[in-house]
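In: got a sequence here, can you model it:
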Amino acid sequence: MTPIVITPLPRPAADPDIRALAELLRDAVQSGAAVSFLATLTVAEAEAWWRNAIATAHPNAVFLVAREEGRIVGTVQVHPAWAPNQPHRMDLAKLLVHREVRQGGIGSRLMVAAEEAARAAGYTLLTLDCKRGGAAERLYRKLGWTFVGIIPNFAVDPDGVTPHDDALFYKPL
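Out: Sure, this is the predicted structure:
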């Protein structure tokens, strides 16, 4: 088994990394992940989204990538809260693991690395949301995140039609 290496994504990101992240995002959406996009997402649209997300992110935001033999197979982000009265909090977003390597612990390792990065930067609280009943919700519970509640019919699945509920979590650091 090839070792997985988790590192911060250099900013600005290199074109090959943007392309790999775009393909990873499309893979997640095509596999049914509720990560803000519909199944019609193209690689070009995904690349544009990644370029914008990285370019406009807060300077303290952290983009982590998991690489196997140099290939990006997973990613997660943590972003400082925008509100001036929440200088201690970060939001975790877009935990993605390519379906070819799921169930291998990469998601857990990315989450731990995100928590460590936030803690090292002086943040004391993380929050996140996810599709109710999905693999992500099970992972967050397993990793000790505290479940807060459900928002019914929060978004639609990648099919653009089927509504799903949202589960909210937090974790003190």
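In: low-scoring pLDDT stretches of the protein, where are they?
Out: Filtered on pLDDT under 70, the chain yields the residue ranges 1.
In: quick one, helices of it?
Out: Using DSSP state H, the helices of the chain run over 15-30, 43-55, 106-120, 135-142.
In: got these as CSV, with distance to N85 and mean neighbour count columns?
Out: Heads up, the C-betas are built off the backbone N, CA and C, glycines and all. What follows is these, written out as CSV (distance: least, CB to CB, whole Å; neighbours: other CB atoms under 10 Å):
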stretch, distance to N85, mean neighbour count
helix 15-30, 32, 19
helix 43-55, 24, 16
helix 106-120, 18, 19
helix 135-142, 25, 17
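In: want to throw those into TSV with distance to E68?
Out: Below are those laid out as TSV (distance: least, CB to CB, whole Å):
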stretch	distance to E68
helix 15-30	11
helix 43-55	19
helix 106-120	9
helix 135-142	19
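In: nearest to R71, of these?
Out: Nearest of the helices of the chain to R71, taken as CB to CB: helix 15-30 at 6.7 Å.
In: from the contact counts, what lies against the closest one?
Out: Under the contact criterion of 3 or more CB pairs under 8 Å, 6 or more residues apart in numbering; DSSP states H and E, helix 15-30 touches helix 43-55, strand 71-80, strand 89-97.
In: mind doing that once more with 6 Å?
Out: Contacts defined by 3 or more CB pairs under 6 Å, 6 or more residues apart in numbering; DSSP states H and E place helix 15-30 against helix 43-55.
In: mind exporting the helix it packs on as PDB, just the C-alpha atoms?
Out: The C-alpha trace of helix 43-55 is given here as PDB (Å, rounded to 0.1, in the frame of the first residue of the first chain):
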ATOM      1  CA  VAL A  43     -14.400  20.100 -14.900                       C
ATOM      2  CA  ALA A  44     -14.100  23.700 -16.200                       C
ATOM      3  CA  GLU A  45     -16.700  24.900 -13.700                       C
ATOM      4  CA  ALA A  46     -15.000  23.000 -10.900                       C
ATOM      5  CA  GLU A  47     -11.600  24.500 -11.800                       C
ATOM      6  CA  ALA A  48     -13.100  28.000 -11.800                       C
ATOM      7  CA  TRP A  49     -14.700  27.300  -8.400                       C
ATOM      8  CA  TRP A  50     -11.400  26.100  -6.900                       C
ATOM      9  CA  ARG A  51      -9.400  29.000  -8.300                       C
ATOM     10  CA  ASN A  52     -11.900  31.500  -6.800                       C
ATOM     11  CA  ALA A  53     -12.200  29.600  -3.500                       C
ATOM     12  CA  ILE A  54      -8.400  29.600  -3.000                       C
ATOM     13  CA  ALA A  55      -7.800  33.200  -4.300                       C
END
